[in-house]
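1. sequence first, predicted model second:
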Amino acid sequence: MKKRDFIAASVILLMLGKPFSGTAQFSLTGQLRTRSELRDGYGTLETKGNTPAFFTSQRVRLNFNYRSSRVIFQASLQDVRIWGADASTINNADGNRLSLHEAWADIILANAKDSSLPGSAVEYFSIKIGRQELVYDDQRLLGNLDWLQQARRHDAIVFKLLYKGWQADLGTAFNQNSDAIGYNGTFYTPANVPPYVKDSKGNLAPAPAGMVPLTNASGVSVRGGAPLLASAAGTNGMNQLYKSMQFLYLAGKFGSTRIAGLALADEFGKYSFDSVRNIAGSDTGYIYGRRFNRSGVNTRLTAGALLTSQLGQQKEWSLQAGYYYQTGKNRDGVNLGAYTTTLSISYAPRNFSLTAGWDYLTGGFDPLYGTPHKFWGSMDYFYAASGSPAAGLNNPFLKGKYTSPGKRFFAELAYHYFGLADNAKDAKGDAVSKYLGSEVDATLSYGLNKITNIELGASLMAATHSMEYAKGIATGAARLTANWAYLQVNIRPDFFSK
């Protein structure tokens, strides 16, 4: 056993063996989530001649939580991998995928419900510091992206206030690469760059320091790097993390109606295009990329509000409406003036629910750090790592769901109509039809026991040639029908629970 592993195991054993005071609580929970996927056009259309992919991914977590009247502390260790990505015996050069998903402390300064904190002028006030998930409202703009095995977290500080029924959260983050002596300035290379990349001749070479390489689908370095006319990666792709970020969240409830407002500014480091020569035998290739060595930032501002309301005598109706506007400059320095709207109404008598809604995102709008898998189709064609249509998205949808008594089983069926929000022209200057295609998603979930859940999903995409345009694929080069299916097993034990 390695020294660091032995220390970690020792700490855990000490914590398990140490008695806690009556006011403090400690919990230790875990998660093993495997997901086997059959992909035949997931995320983007498959070009003709390609064959489906099949693999199993896995996430393992250990969550440590300590709670007292003065502080809440949590650490979450996470390992994410693909089955078979490592040999059955590995060496140190193979690296690892072990990471720290969360590590934060919430310092409680005021709590009107706690008699040990007398004289509180507000209901609750705390400061949450460290690596943490940011989850607000329906996760449209700020969410933990839990569907992705590696999920999402931020290194941030958040001031949290409750006063007379109002919630106010103020958060800020500032990212840097190193604390090394002699590391001057605050230039920030905003990506997890692999240790090795391929040059323009396809030769493997060490990744240049301080550069984010530009590569094509095969991993070979390519010249240029401007976003495709028809498609551009969103922030959810995370290939350029913000340099700094600040947000203010306000929410209040009025009877059965809740109104929440969000104002967020994120700043991105400016870059210049650069190349590094690589000599491999008789080949001389180049590695092209973005070098973040320019002063100043591109600042993006997003602001808006979301309203949710329960209606009817039994609260069987619910209404949601929202609007967010984006201005400033995006991460590539392009001026912004975009918006998104959402409107949906749900009817849920007893164990059934039916939801009809409409999402509209103009070209250039980026849904920040949310959970796109939850909104714009399970196949993740839009506003995920696979890119976003430069002409925006028009998405009316319809969802039906049945949940059994006891909530042990549910079945859901969803339909999405996808269209471009803005007018677009192809490379020849001809108008592009706005209809991109339709997607149908089916999901079944069953609780095998109180800690084990099994989920099965299947999706079908019926696309048009406009989807090829939106994905930057040559017209006629792709198969317009795509499929995806998965089987997920989610085990979440509470190690202190009987």
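-> That came in fine, so what should we check first? Numbers count the residues shown, from 1 in each chain.
2. for Ile82, grab the count of nearby residues.
-> The number of residues packed near Ile82 is 12, by other C-beta atoms under 10 Å. Every C-beta, even on glycine, is put in place using the N, C-alpha and C of the backbone.
3. so what's it bridging to?
-> Ser57 (DSSP bridges).
4. thought it was touching Phe54?
-> No - counting by C-beta atoms under 8 Å, Ile82 does not reach Phe54; the two are 11.2 Å apart.
5. ok, the nearest residue to Gly437 once chain neighbours are set aside - contacts?
-> Closest residue in space to Gly437, ignoring its immediate chain neighbours: Ala463 at 3.5 Å, by C-beta to C-beta, 6 or more residues apart in numbering. Contacts for Ala463 (C-beta atoms under 8 Å, 6 or more residues apart in numbering) come out as Leu45, Leu436, Gly437, Ala478, Leu480, Thr481, Ala482.
6. low-confidence ranges, the stretch 1-150 of the chain, go.
-> For the stretch 1-150 of the chain, the stretches flagged by pLDDT under 70 are 1-23, 87-97, 118.
7. now do the helices in it.
-> 3-17 (DSSP state H, counting those that start in this stretch).
8. how about the strands of it, start to end?
-> Under the criterion DSSP state E, counting those that start in this stretch, strands of the stretch 1-150 of the chain are mapped to 25-40, 53-67, 71-82, 98-111, 124-132.
9. make CSV from those strands and add distance to Glu468 to it.
-> CSV is the format used below for these (distance: least, C-beta to C-beta, whole Å):
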stretch, distance to Glu468
strand 25-40, 16
strand 53-67, 20
strand 71-82, 29
strand 98-111, 36
strand 124-132, 40
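10. Ala209: which of those is closest?
-> strand 98-111 (21.8 Å; C-beta to C-beta).
11. and the closest one with strand 124-132, angle?
-> Interaxial angle of strand 98-111 relative to strand 124-132 (axes from the mean of the first three to the mean of the last three C-alpha atoms, to 10 degrees): 170 degrees.
12. partners of strand 98-111 in the sheet?
-> strand 71-82 (antiparallel), strand 124-132 (antiparallel).
13. could you dump those strands into JSON lines with distance to Asp106 added?
-> As requested, the strands paired with strand 98-111 are exported to JSON lines (distance: least, C-beta to C-beta, whole Å):
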{"stretch": "strand 71-82", "distance to Asp106": "4"}
{"stretch": "strand 124-132", "distance to Asp106": "4"}
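14. ranking those strands by burial, who's on top?
-> Looking across the strands paired with strand 98-111 with neighbours counted as mean count of other C-beta atoms under 10 Å, the highest average goes to strand 124-132: a mean of 19.
15. in the sheet, who's paired with Tyr249?
-> Applying DSSP bridges, one finds that Tyr249 bridges with Asp169, Leu262.
16. state the mean pLDDT of the host helix or strand of Asp274.
-> Element membership of Asp274 [criterion: DSSP states H and E] is strand 272-280. Averaged across strand 272-280, pLDDT comes to 89.
17. and that strand, what does it pack onto?
-> strand 204-206, strand 283-291 (3 or more C-beta pairs under 8 Å, 6 or more residues apart in numbering; DSSP states H and E).
18. what backbone torsions are found at the residue positioned nearest the centre of the chain?
-> With distances taken as C-alpha atoms, centre = their mean, Leu145 lies nearest the centre of the chain, 3.6 Å away. Per-residue torsions, Leu145: phi 50, psi 50 (degrees, to the nearest 10).
19. quick one: Lys425 from Pro213, how far?
-> Going from Lys425 to Pro213 by C-beta to C-beta, to the nearest Å gives 31 Å.
20. ugh, wrong one, Phe247
-> 31 Å.
21. likewise Asp283?
-> In terms of C-beta to C-beta, Asp283 sits 17 Å off from Pro213.
22. looking at Lys425 and Pro213, which one has more neighbours?
-> Neighbours were counted for Lys425 and for Pro213 using other C-beta under 10 Å; Pro213 has more, 23 against 13.
23. hmm, the more buried one is touching Asn278, no?
-> No - judged on C-beta under 8 Å, Pro213 makes no contact with Asn278 at a distance of 11.2 Å.
24. common neighbours of these two, please.
-> Common neighbours of Pro213 and Asn278 (C-beta under 8 Å, 6+ apart) are Ile287.
25. what is the neighbour count of Gly406?
-> Gly406 is flanked by 7 other residues according to other C-beta under 10 Å.
26. show the contacting residues for Gln326.
-> Gln326 touches Arg300, Leu301, Thr302, Leu336, Gly337, Ala338, Tyr339, Gly364, Phe365, Asp366, counting by C-beta under 8 Å, 6+ apart.
27. what about Ala391, how many residues nearby?
-> Neighbours around Ala391, by other C-beta under 10 Å: 25.
28. quick check on the residue nearest to Gly437: phi, psi?
-> phi -100, psi 170.
29. that one and Ser445, how far apart?
-> 27 Å.
30. just Leu32 next, same as before
-> Leu32 sits 17 Å away from Ser445, going by C-beta to C-beta.
31. sorry, back to before: and the residue nearest to Gly437, what pLDDT?
-> Looking at Ala463, its pLDDT is 97.
32. now the one 10 residues further on
-> Among the per-residue scores, Ile473 shows a pLDDT of 89.
33. may I ask you to confirm that it is in contact with Leu45?
-> Yes - between Ile473 and Leu45 a contact is recorded at 6.1 Å, counting by C-beta under 8 Å.
34. more neighbours, these two?
-> Each of Ile473 and Leu45 has its neighbours counted (other C-beta under 10 Å); Leu45 has more, 22 against 19.
35. what distance do you get for the more buried one to Leu38?
-> 16 Å.
36. so Gly400 sits against Phe352, correct?
-> Yes - contact criterion C-beta under 8 Å: Gly400 and Phe352 qualify, at 7.5 Å.
37. give me the more crowded residue out of these two.
-> Ranked by neighbour count (other C-beta under 10 Å), Gly400 and Phe352 place Gly400 first, with 14 against 11.
38. which strand residues bridge that one?
-> Where Gly400 sits in a bridge, its partners, by DSSP bridges, are Leu354, Leu413.
39. tell me the contacts of it?
-> Phe352, Ser353, Leu354, Thr355, Glu412, Leu413, Ala414.
40. what does Lys315 give?
-> Lys315 neighbours (C-beta under 8 Å, 6+ apart): Ser256.
41. got the confidence number for it?
-> Per-residue pLDDT puts Lys315 at 87.
42. please report phi then psi for it.
-> Taking degrees, to the nearest 10 as the convention, Lys315 sits at phi 60, psi 30.
43. and what of Asp137?
-> With angles defined as degrees, to the nearest 10, Asp137 sits at phi 50, psi -130.
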